[in-house]
Structures are given as C-alpha cells and as structure tokens.
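>>> predicted coordinates and the sequence they were generated for:
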Amino acid sequence: MTPPGGARATPARVADAGRRAGREAPPVTFALHGVGVSGGIAIGRAHLVSHAILEVAHYTVESDKVPGEIARFETAVAEVQREIEALHGAMRGEDLPGEFGAFLDVHWMILNDPTLSDTPRRIIAEQRCNAEWAITQQMNVLVEQFDEIEDTYLRERRHDVVQVVERVLKRLMGKPGSLPPASAEEQTILVAHDLSPADVIQFKSHRYGAFLTDLGGVTSHTAIVARSLNVPAVVATHNARSLIRDGELLIVDGDHNVVIVNPDKAILAEYRLKQSELDLERQKLKRLRLKPAETIDGVRAELYANIELPDDLEAAVEAGANGVGLFRSEFLFLNRPGLPGEDEQFEAYRRVAEGMDGKPVVIRTFDLGADKTKEGLDGLARVAPNPALGLRAVRFCLAEPRLFQTQLRAILRASHYGKVRILIPMLASASEIDQSLAAIALARETLREQGIPFDPNVPVGGMIEIPAAVLAIGAFLARLDFLSIGTNDLIQYTLAVDRADEAVSHLYDPLHPAVIKLIASAIVAARKTRVPIAVCGEMAGDVRLTRLLLGMGLTEFSMHPTHIPAVKQRVLTTDVENLRPIVARMRRTDDPARVAVLLDRINA
Ligand code: PEP
Ligand code: MG
C-alpha cells in the first residue's frame, strides 16, 4: 500500500500548521519518510522525548568543586526565574489567553518548590554529583508524586514539572538520562530529535513499541542498538519531532521507511492485518532454531549473535545462535556513574561465557569514542575535531593502559568459565596489534602471579574495519588467531561517510564496488592462510547480502539475534557453487549498476 500524503505531505503539513496555530481541526493524516533501521510494524501513541532530559549525564564532582557546582545550579535556577518573570512582563498588554498567565504561574510555583530549588543543592553536596543530575533526580521524584494523583488535571501537571526542569537544564547547558514510563495499555512510540546509543540502551529496560528520530544513519550505533530492541525504528525523518504532537496515533513501518500520523480507519485496518501476517512469518522462522545453517551443497555456516549487554544473551540463545560473535563490551560503560571495576566486568563476562554453555563468546575490548562517549574519561572528555578518526577503540585503550589492563584481566578471568575469545577493534597497524598483544601478555602474567585461573589459550583476534587493515592484511594474519570484518566502519572509512550523519546517509553504500572488493579480498586472504574470518557488521544480518558473502567464501556471520532465523533460511536455500562465478564478476566490476544487476541475479 502506498501511504497517503507522499514524501513530505505538504498539504497535510499546511493543515497541521494551521492546527498548531490554534485553529482546531480534526487530526490530519500525513506520512513522513525516513530510513528504517529496524523492521516491523508498530501502532501506538507518540511520546515526544525531551532532548535535554535524555542527555543528562552523571559525573562526580571533586570535593573542592562542589561549592562551584552548587553556585552553577543556583545561577541556572535564578536565570529561569527571571525568564518566567520576563515572560509575565511581556504578556501585559498583549492579547493573550488568560491560561497563558496561569501556566506561567504554575511554572513559577514548580520552580520555587523546595524539591527543585533547594534539595538539589543538598544532593550535589552529599553525592558530589553534577547539578544536572541532581535536578533530574528531583524531577523524577516530583513526577512520580504527580503520577499518583487521582485528579486528571493535577496529574497532567507532571508535564509542567518536566518542562520547568528542561528550562533549567538548558541553562546549565547540560547534556543529558531518564525516559518516560511506557504505557501498559497502549504502545508508546518515542519521537526524538536525536538519540545517543546510551539513550537507546536505556530502552532495553522499558517496553516501547517503536521509535523515530529526526537524525541518524543506518549503521550508527543508535540504529544498531535500536535493532537489538527488536522494535521498528525509523531514523532520519528530518522533522518528526516538530510535526508530531504528543499522544497522536502513529503507524511505524520500519520495513518501508515510513511513519503514518493519525491514520484513518481503513489504513489502520490494513496495517493491523500486515502486522499479524508479519507475526505469523516470524513464528514460522522460529521453527528453524535448532536446524544447522547448511547450504544445499553442504557448506556449513556458523551464525553468531551480536550483543551489547549480558541481558541480550536470552535473545541470542532463543534465536539458536552458534555463540556470541561480538559482545560490544563498551556498553557496560554507558549510562552509569563511574566505571565498572575488574570484578564487575568479570561477572558480566562470566555470565555471558557460562550462558553460552561452551559455545564461543567473542568479547570485543572497549570501542569507546566517536559516537559512544563517556563522561569522566579524560581522553574522551574533550571534543575531538573528528571523533571517528580520533582517540577511539584500541587507540583509546592503548592510551589508557590501566583501564585496558582492568578489562583484559576481567576477560581472561572469565575465560575460565567458557569459550572466550578477545577481539581488538579498529586496528590499523602492526604496531597496534603488537602493543595489544603485549598488554594481553601482561594481564596473563599478573593473573598467573596471583594464581588466578584463566584459559592460557584464549584466541586473540582483530577487527578489520579500516581499509589499511585489508590492504596490509598480512601483518594481521601473521599475528592474530582470527579476524572479524566490521563492515559498518569499513564502509565508513572506505567511503569517507560518517555512519552517524543522516546528511550523508545516502552515500553510505555497502554495495559500493570498492567495499565489495575490500571485503572479498580480506576473506580470500584469510582463507588462504586458514585464519578464521567472520563478518560482524550489519551486512552480516542483511538477507539481501547473505548469498554475496557466502559466494565470497564467508562461513562465519555475526548479527543481531533477530536476524538469525531469516539469514538461516537464506543459507538453507543457497547453492554456493552456483553463486561463485557471479560473485567473482561482482568482485571485478567497478560499475555500481552491474553490481545491482548481479545481486538481483544471485537473490533470484
Ligand atoms: C562494525 O564496525 O562493523 C562493527 C561491528 O563494530 P561497531 O558497529 O560496534 O563499530
Ligand atoms: Mg566498528
């Protein structure tokens, strides 16, 4: 079905603008287009996410900086007080509805309530935390109190509490944490201007129906985590946050990159039908869970799961994964005060190692930096001119040897409880490999000296994410036990396209002839030297590309667990021998149109 309204739904927007200007009209149906980063259909009510609140960071303030932090808080509150007073003043003589004044009075009262204006000072002093965090905590306390009020009008004042705190946060220039509770009766669809990977990871503990953002790229970490939530998501909608109103009914179709706002009955019925068909399809695929992924001509593929947190293990096991091919351990770092110590990390890794019950678990060392930042880490605190090219991943770990040792010791300790492998991200040169191997040797040594058990043969692998790594792959093959191609970054660095920037997302192309050549060449080189090689970027979970990768000789795929059943089905219906000549032609051509034709042929 073609959604009504067209790409930008101009007439609808005009009508909507009229509505916004105060002329009440019946809800207008319109469509917004973006980039679907997680498939499926969700139907639910919009919840506009407050940008400032989402971004509230939590960090510790040194004791001698506490008075300064309290002063910062007081200044921000005083500024907002003046802001409200000024608005009141400006209203006089204006022909504005009386409610406007009452609304400002309510905001004034809320701001001056000791819960917001006084208690945060004590919290900052006692907990030595930043002002933004202190006031957000108090906002949550107040919102909870309002939530319990019977009277509907008074209960709705909780929105005013949030708005007041937002004003203060903006003054504090804080970059912001907490999310709205998901409704039990109806699905809630989050609509945000932008979300960081850290924001999205919080969704795991909530149950949202879908989410939409104005910004974002297909393989941004935000999109990747969104996929792991297993709910439809559409990013790069440009202006969903400003066009959609709180509480509006939405249909999010992640497979067709579209959002329908205020659908009429006929559209709603059609999408409900599609939704149940999709559910049925998913149920059917689930039956493949225990079936080995073997092609028609007997090539066995291993389908591993990508996970972000130990809690994702359940989904991996349920999908029938052959192990964990990528544990993005840096997510243990996000959304929490301070850093996880060795014991805490060890417990997380051990849980995954034991949970996979003897199947391999590839733990990637922290890939912090770029779009995954963390307050309180010196090397990441500054704003790098080009974060994706800056102190990221292994570069950051090598620059922070203590942090790296803590993690390596924790991973090695976990290796005593399962089949653990260490994977180093974003390697570009032999010297980085050597330094990483030396750091691992040191961690082994200290554990040995302390008599702490670990597996002395833990394989160490490297990610192939930078074109230089493919072009000089000999250095990798000679030093490492296995390789894993991170196609998300490999594409980003090959095409010089920021994977998180929606303005260039149309240039981000997994099928660019240069990308195909690089991936194929890495696979061929690894196979020649019998070094195991996997693909763990998003390409591995894209069924349109399964046959292409099989035809290149790939047998190890690591992807989000939800993609495993569909990829398995594709493997089961593939004859690799038949594909090879076509894939060879795809490798040779520099013509994107030819790539597209040949891809259609192998998928036919
Ligand atoms: C990749 O770059 O393909 C990859 C798997 O790592 P990440 O997406 O976490 O950067
Ligand atoms: Mg990567």
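Structure's in. What do you need? Model, not experiment: these values are computed from the prediction. Residues are numbered from 1 along each chain as shown. Ligands and ions are numbered 1, 2, ... in the order given.
>>> longest helix anywhere in this protein?
Secondary structure of the chain read by DSSP state H shows that its longest helix is helix 66-91.
>>> near Arg594, how many other residues are there?
Arg594 has 14 neighbours, counted by other Cβ atoms under 10 Å. For every residue, glycine as well, the C-beta is placed using N, CA and C.
>>> helix, strand, or coil at it?
helix (DSSP: H, G, I helix; E, B strand; the rest coil).
>>> from here on, call the first residue 685.
All set: I'll call the first residue 685, so the last point we hit is now Arg1278.
>>> what confidence value was assigned to it?
Looking at Arg1278, its pLDDT stands at 97.
>>> state the distance from it to ligand 1.
25 Å (Cβ to the nearest ligand atom, to the nearest Å).
>>> for that residue, give me its contacts.
Contact partners of Arg1278, counting by Cβ atoms under 8 Å, 6 or more residues apart in numbering, are 1269-1270.
>>> number of nearby residues for the closest residue to Asp939 other than its chain neighbours?
Distances taken as Cβ to Cβ, 6 or more residues apart in numbering put Gly723 closest to Asp939, at 4.4 Å, once the chain neighbours are dropped. Look at Gly723: counted by other Cβ under 10 Å, it has 18 neighbours.
>>> just the strands in the stretch 985-1134 of the chain please.
1008-1012, 1044-1048, 1103-1108 (DSSP state E, counting those that start in this stretch).
>>> kindly report the same for the stretch 1135-1284 of the chain.
1144-1148, 1166-1169, 1217-1219, 1240-1243.
>>> what lies in contact with the second one?
Translated: strand 1166-1169. With Cβ under 8 Å, 6+ apart, strand 1166-1169 has contacts from 1009-1010, 1046, 1105, 1107, 1143, 1145-1149, 1157, 1160-1161, 1203, 1206-1207, 1210, 1215-1221, 1242.
>>> tell me the residues of this protein that contact ligand 1?
By Cβ under 6 Å from any ligand atom, the part of the chain that sits against ligand 1 consists of 908, 1010, 1012, 1051, 1149, 1170-1173, 1220-1221.
>>> select from the residues you listed every entry located in helices.
Those of these lying in helices (DSSP H): 908, 1171-1173.
>>> those, buried ones only, as a PyMOL selection?
Here is the PyMOL selection string for the buried members of these, based on 16 or more other Cβ atoms under 10 Å:
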select buried, resi 908+1171+1172+1173
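>>> possible to save the ones in helices among the residues of the chain next to ligand 1 as CSV with pLDDT and distance to ligand 2?
Below are these laid out as CSV (pLDDT from 0 to 100; distance: Cβ to the ion, whole Å):
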residue, pLDDT, distance to ligand 2
Ile908, 78, 10
Thr1171, 98, 9
Asn1172, 96, 5
Asp1173, 97, 4
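>>> which one of the ones in helices among the residues of the chain next to ligand 1 is nearest to Val875?
Taking Cβ to Cβ as the measure, Val875 sits nearest to Ile908 out of those, at 19.8 Å.
>>> just give the nearest non-adjacent residue to the closest one, would you?
Per Cβ to Cβ, 6+ apart, closest to Ile908 is Glu1222, 6.9 Å.
>>> let me see the domain layout of the chain.
695-731+863-966, 737-856, 978-1286 (automatic domain parsing).
>>> between the two ends of the longest one, how far is it?
Separation of the first and last residues of domain 978-1286 by Cα to Cα, to the nearest Å is 17 Å.
>>> tell me the gap between it and the middle of its chain.
16 Å (Cα atoms, centre = their mean, to the nearest Å).
>>> same deal with the shortest one?
The chain centre lies 29 Å from the centre of domain 737-856; the measure is Cα atoms, centre = their mean.
>>> what average pLDDT does that domain get?
In the prediction, domain 737-856 has an average pLDDT of 80.
>>> and the contacts of stretch 811-826?
737, 740-747, 750, 753-754, 756-757, 760, 794, 797, 799-800, 803-805, 807-808, 842, 845-846, 849, 852-853, 856, 858, 860-862, 1021.
>>> so who does the residue lying closest to Met1270 once chain neighbours are set aside touch?
Distances taken as Cβ to Cβ, 6+ apart place Leu1282 nearest to Met1270, at 4.8 Å, with adjacent residues excluded. Leu1282 makes contacts with 1266-1267, 1269-1270, 1273, as judged by Cβ under 8 Å, 6+ apart.
>>> now do 10 Å
1195, 1200, 1232, 1235, 1266-1271, 1273, 1275 (Cβ atoms under 10 Å, 6 or more residues apart in numbering).
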